[in-house]
Every structure is written in C-alpha cells, then in structure tokens.
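J.: Predicted model follows, preceded by the sequence.
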Amino acid sequence: MIYVLFNAFTTLSSLINKSFHPSDERGEGVVSSAVAVVIFSALGVAMWFAFRDTMNTATSMINSQVAQLGN
C-alpha cells in the first residue's frame, strides 16, 4: 500500500515538475520569430496607410496650388 502511494506521489510530482519546467525548448525561437514577424508586418501596414494618406493629402494640396497659379 505504501509503495503504491509513493509511486503515485512521485509520478504526480514529476508531471507537475515537467509542466512548470519544460525540458524541451526547441520551438521557442520559431514562436518568438513568428511573433516578431507579425508585429513588424502590422507596423508596416500601419506605416503604409499613413504614408499613403499623407501623399494623397500632399498631392491634392499641390494640385490646388498649381491650379491657382494659372489664374
């Protein structure tokens, strides 16, 4: 009976220890790289929309100034 309880305790202890301290970290670099790629691509999209809006505003202002020069 004590052997069964001791065996159950050690098995449970090793399972808890493995869940809090994983021994295999081979995929951590891939996951971190994927997160970095997603963040940088979101920043790139935001910068593209800001650039596009700025250029559209500048183009319309330049066109209106050029139209006033001809009058």
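T.: Now that the structure is in, tell me what you want to look at.
J.: ok, L69 to A58 distance?
T.: Counting by C-beta to C-beta, to the nearest Å, the separation of L69 from A58 is 17 Å. C-beta: built from backbone N, CA, C; applies to glycine.
J.: So which of these two has more stuff around it?
T.: Each of L69 and A58 has its neighbours counted (other C-beta atoms under 10 Å); A58 has more, 10 against 6.
J.: what's that one sitting at in phi/psi?
T.: phi -60, psi -40 (degrees, to the nearest 10).
J.: same check, this time on the one 10 residues further on
T.: In this entry, Q68 is assigned phi and psi values of phi -70, psi -30 (degrees, to the nearest 10).
J.: What is the burial count for it?
T.: Q68: 8 neighbours (other C-beta under 10 Å).
J.: for V35, same thing?
T.: V35 has 10 neighbours, counted by other C-beta under 10 Å.
J.: likewise T59?
T.: 10.
J.: That one and D53, how far apart?
T.: 11 Å.
J.: Next: Q65.
T.: Computed as C-beta to C-beta, the Q65 to D53 distance reads 19 Å.
J.: Likewise for V66?
T.: Distance from V66 to D53, counting by C-beta to C-beta: 21 Å.
J.: same check, this time on E28
T.: In terms of C-beta to C-beta, E28 sits 38 Å off from D53.
J.: lowest-confidence helix or strand of this structure?
T.: Counting by mean pLDDT, DSSP states H and E, the weakest-scoring helix or strand in the chain turns out to be helix 2-20, with a mean of 67.
J.: for the one helix or strand S33 maps to, packing partners?
T.: Using DSSP states H and E, S33 falls within helix 28-69. If contacts are counted by 3 or more C-beta pairs under 8 Å, 6 or more residues apart in numbering; DSSP states H and E, helix 28-69 sits against no helix or strand.
J.: Look up the pLDDT of T57 for me, please.
T.: What the model reports as pLDDT for T57 is 94.
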